[in-house]
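> Pasting a predicted model and its sequence here:
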Amino acid sequence: MGTEQREEARKKRRRRTDKHKAWRQEAIAYWSTRVCESDIGCDWNEADIRCWRCGCMRECQKCHIIPRSLGGLDFTPNLIPLCAMCHDEMPNVLDASAIWLWIKSDHGVMHDTYWVMRGMKESGLTLKQVARIKPRKLNQTLSRAGFHFGQNAGGIRLTTATLAWVFSTAWKESMTKKQILNATEARDGD
Ligand SMILES: [Zn+2]
C-alpha cells in the first residue's frame with residue numbers, strides 16, 4: 001500500500017470513528033435527560049466509553065431499541081450503545097420501554113465485574129466460596145478454557161457458561177476428599 005492509499009485509509013477510519021462517536025454523543029445527550037443514571041450500568045460521564053447495560057469498558061455496537069426488523073428507525077430516540085454480549089441478550093420487541101426495564105432489572109453495579117458475577121451466579125457458588133479458591137487454581141483452570149470468537153465488534157471473550165465452568169471446576173478441584181464427602185452428606189441430608 002502506497003503512502004497516499006495509507007493516508008486515505010487512515011482518513012476513512014477516522015471518519016468512521018467520528019461518525020460512531022457522533023451518534024453516541026447524541027444518544028447520551030438525549031437519554032441522560034430521560035433515564036436515571038442509577039438505572040443503567042454506567043455513569044453518564046462515562047457513557048461514551050462503557051456499555052450502558054453491563055457497564056464494562058468494551059467496544060459498543062449501535063443497537064436499535066425497536067429492532068430494524070420491527071420497523072425501528074435509525075435515529076437518536078431509538079439508539080443505545082451496548083457491547084456485543086449485551087446486544088445478543090437485549091429484548092427485540094415492539095415496546096421501547098422494555099429495554100430500560102431490562103437494563104434496570106439487571107445491570108453492572110461495579111465497573112467491569114458484571115460478566116464475572118454472571119459466571120459465578122451460573123456456577124451456583126457463593127462469593128464466599130469463590131473467594132476461597134486459590135488464584136493459582138483459577139489460573140490453572142482458566143488455561144483449560146477457550147475464548148469465544150463472537151460478533152466482529154465484540155472481540156474475543158469467555159462466555160458466561162465458560163466462566164461458570166471455570167469457577168465450579170476450580171472449586172471442585174480445590175476441595176479435599178473429606179470436604180467433598182461432607183458436601184455430599186450435607187446435600188443428601190437436605
Ligand atoms: Zn454490555
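Received, thanks. These numbers come from a predicted model, not from an experiment.

> tell me which residues form a beta bridge with Ile80?
Applying DSSP bridges to Ile80 yields these beta-bridge partners: Cys63.

> Dump stretch 165-180 to PDB, keeping only the CA atoms.
Taking C-alpha atoms only, stretch 165-180 is exported to PDB below (Å, rounded to 0.1, in the frame of the first residue of the first chain):
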ATOM      1  CA  TRP A 165     -17.400 -24.000  34.400                       C
ATOM      2  CA  VAL A 166     -14.100 -22.300  35.400                       C
ATOM      3  CA  PHE A 167     -15.500 -21.400  38.900                       C
ATOM      4  CA  SER A 168     -17.200 -24.700  39.500                       C
ATOM      5  CA  THR A 169     -14.300 -26.800  38.300                       C
ATOM      6  CA  ALA A 170     -11.700 -24.800  40.200                       C
ATOM      7  CA  TRP A 171     -13.900 -25.100  43.300                       C
ATOM      8  CA  LYS A 172     -14.400 -28.900  43.000                       C
ATOM      9  CA  GLU A 173     -10.700 -29.500  42.300                       C
ATOM     10  CA  SER A 174      -9.800 -27.300  45.300                       C
ATOM     11  CA  MET A 175     -11.800 -29.400  47.700                       C
ATOM     12  CA  THR A 176     -10.200 -32.200  49.600                       C
ATOM     13  CA  LYS A 177     -11.800 -35.700  49.600                       C
ATOM     14  CA  LYS A 178     -13.100 -35.000  53.100                       C
ATOM     15  CA  GLN A 179     -14.700 -31.700  52.100                       C
ATOM     16  CA  ILE A 180     -16.400 -33.400  49.100                       C
END
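
> as a whole number, average confidence for it?
For stretch 165-180, the mean pLDDT works out to 85.

> can you check stretch 65-83 too?
Mean predicted lDDT for stretch 65-83 stands at 96.

> And the ion, is that stretch touching that?
Yes - using Cβ under 5 Å from the ion, stretch 65-83 comes into contact with the ion via Cys83. In this view, the C-beta of every residue, glycine as well, is placed from N, C-alpha and C.

> Next one, pLDDT for His148 please.
So, for His148, pLDDT stands at 71.

> Next: the one 3 residues further on.
In the predicted model, Gln151 carries a pLDDT score of 54.

> do the same with the one 4 residues further on
Here the pLDDT value assigned to Gly155 is 60.

> What of Cys86?
94.

> ditto for the one 5 residues further on
Each residue has a pLDDT score; the one for Pro91 is 97.

> Next, count neighbours for the closest residue to it other than its chain neighbours.
Leaving aside its sequence neighbours, Pro91 sits nearest to Ala98 (Cβ to Cβ, 6 or more residues apart in numbering; 4.5 Å). Neighbourhood size, Ala98 [other Cβ atoms under 10 Å]: 15.
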